[in-house]
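Participant: Curious how this folds, go ahead:
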Amino acid sequence: GSSAGMFSSWTGGLGRGGAHAQVGANAAEVEPPPSFLSSIKTFVGMEEPPRQPETWQQTAGRKCNELGEVLCPCARLSYTQRIIGFGVCAAVGVLLGWLAVSLIIFPFTFGLLYSLCILCFLLSTFFLAGPMEQAKSMMQPHRIVSSLVFLGALVGTIIIAITVGSTILILIGIVIQTAALVWYVASYVPFARDAISSGIKSITGLFTS
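Facilitator: Below is the predicted model:
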């Protein structure tokens, strides 16, 4: 009986000692708060501030950027190469636009060249801002509707011009994509959308009054 009691007391002491050691280890893992001197050094720029843990939004954005660099070569180009790419796409867009205006009496050719002109200008922005940044900008809540309408009308006009060749549908597609593009670009200019809305209301008021 006495030996059993001594064994229980000895094992209990070991258990308590192990628990205290574990608590001590956990306490050692917790970083102490920064001292006053360390805070002063960080404030004046002598030390780097402690890195904050990354949020899930930041992680998702970083993963998207890494995926864009893998899938799109534009993200790995130098600044000079991006400027050259932008200039080439913009020059091709200007050439296609000039040809489209020259052949405006032929709706099929005009619709195809006009849409390809706009597409070249859109691709040129990918070289400046990067494809992922441009896509994220286009998908902002105040731009997503105009972006989707513009892209849908652009692709639809090209498909109709190549396959169906309907003059009426091509002209409708050109009007829709141009209006959506103007509304999209206006989102970057302060009060531009308000001015456009006021102008449309004034014009419609002349016909309804």
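
Participant: so where's the chain uncertain?
Facilitator: Applying pLDDT under 70 to the chain flags residues 1-52, 56-58, 60-76, 209.

Participant: do that again at 50, thanks
Facilitator: 2-31 (pLDDT under 50).

Participant: tally of neighbours for Ile104?
Facilitator: Close neighbours of Ile104, defined as other Cβ atoms under 10 Å, add up to 12. Backbone N, C-alpha and C define where each C-beta goes, glycine included.

Participant: host element of Leu171?
Facilitator: Using DSSP states H and E, Leu171 sits within helix 167-186.

Participant: Beyond that helix, next helix or strand please.
Facilitator: Counting by DSSP H and E, the next helix or strand C-terminal to helix 167-186 is helix 192-208.

Participant: Could I have the CA atoms of that following helix written out in CSV?
Facilitator: C-alpha atoms of helix 192-208 as CSV (Å, rounded to 0.1, in the frame of the first residue of the first chain):
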residue,chain,number,x,y,z
ALA,A,192,-18.2,61.9,-67.1
ARG,A,193,-21.1,59.4,-66.7
ASP,A,194,-23.2,62.1,-65.1
ALA,A,195,-22.6,64.4,-68.0
ILE,A,196,-23.5,61.7,-70.5
SER,A,197,-26.6,60.8,-68.6
SER,A,198,-27.7,64.5,-68.5
GLY,A,199,-27.0,64.9,-72.2
ILE,A,200,-29.1,61.9,-73.1
LYS,A,201,-31.9,63.1,-70.9
SER,A,202,-31.8,66.5,-72.6
ILE,A,203,-31.9,65.0,-76.1
THR,A,204,-34.7,62.6,-75.3
GLY,A,205,-36.6,65.5,-73.6
LEU,A,206,-36.6,67.4,-76.9
PHE,A,207,-38.4,64.6,-78.7
THR,A,208,-40.8,63.8,-75.9
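
Participant: Name the residues of the helix holding Leu171 that are buried.
Facilitator: Residues of helix 167-186 classed as buried: Leu169, Ile170, Ile172, Gly173, Ile174, Ile176, Gln177, Ala180, Leu181, Trp183, Tyr184, Ala186 (neighbour count, 16 or more other Cβ atoms under 10 Å).
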